[in-house]
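Undergrad: Sequence and predicted structure below; questions after.
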Amino acid sequence: MNTEGSVRLDSWLWAVRRYKTRSQATTACRAGHVRVNGDTVKASTQVKLGDEVRVRIAGFDSILEVTGLITKRVGAPAAALAAKDNTPPRPSKLETAAPILRDRGAGRPTKRERRALDELRGFERD
């Protein structure tokens, strides 16, 4: 494990086992699902020790701190040493809002229905 310098972001995400392939990591970076220190970045961005990497997978952000620089895929215990997971626990199903479902073929909601949905979700109008 390298402790000085920097490595490519997509290579690091693949090496610490956040994505199955390096091309999936590259695609996620292009789509804007990866942030380093709060900024949306390219796959070729160099990460250093101490950087905060946010990865959006399945609708939730994983917050990782770079604690080791690796470019090759290694065993799971060694990969865990290269990234410290600071992700808060996911909210329980009781705490999250239920999805609003419409009948199939019902079409788009009307303006009146959209306003009612916004009010139900707690959004305020101007």
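TA: Thanks, I have it. Residues are numbered from 1 along each chain as shown.
Undergrad: how far away is residue 8 from residue 69?
TA: Distance, residue 8 to residue 69, using CB to CB, to the nearest Å: 10 Å. From N, CA and C alone the C-beta is placed, and that goes for glycine too.
Undergrad: who touches both of these two?
TA: residue 47 (CB atoms under 8 Å, 6 or more residues apart in numbering).
Undergrad: where does the spatially most central residue of the chain land in three-state SS?
TA: Nearest to the mean C-alpha position of the chain, by CA atoms, centre = their mean, lies residue 56 at 1.4 Å. Taking DSSP: H, G, I helix; E, B strand; the rest coil as the rule, one finds residue 56 in the strand state.
Undergrad: Ignoring the adjacent residues along the chain, who's closest to it?
TA: residue 33 (4.2 Å; CB to CB, 6 or more residues apart in numbering).
Undergrad: how far is the helix or strand of the chain with the lowest mean pLDDT from where the chain is centred?
TA: Lowest mean confidence among the helices and strands of the chain (mean pLDDT, DSSP states H and E): helix 111-121, at a mean of 87. Averaging C-alpha positions (CA atoms, centre = their mean, to the nearest Å) puts helix 111-121 29 Å from its chain's average.
Undergrad: hang on, the earlier thing: could you measure from the residue nearest to residue 56 over to residue 117?
TA: 27 Å.
Undergrad: what's the answer for residue 79, then?
TA: From residue 79 to residue 117 the distance is 43 Å (CB to CB).
Undergrad: Looking at these two, which one has more neighbours?
TA: Comparing residue 79 with residue 117 by other CB atoms under 10 Å, the one with more neighbours is residue 79, at 18 against 13.
Undergrad: For residue 98, grab the count of nearby residues.
TA: The local packing of residue 98 (other CB under 10 Å) involves 6 other residues.
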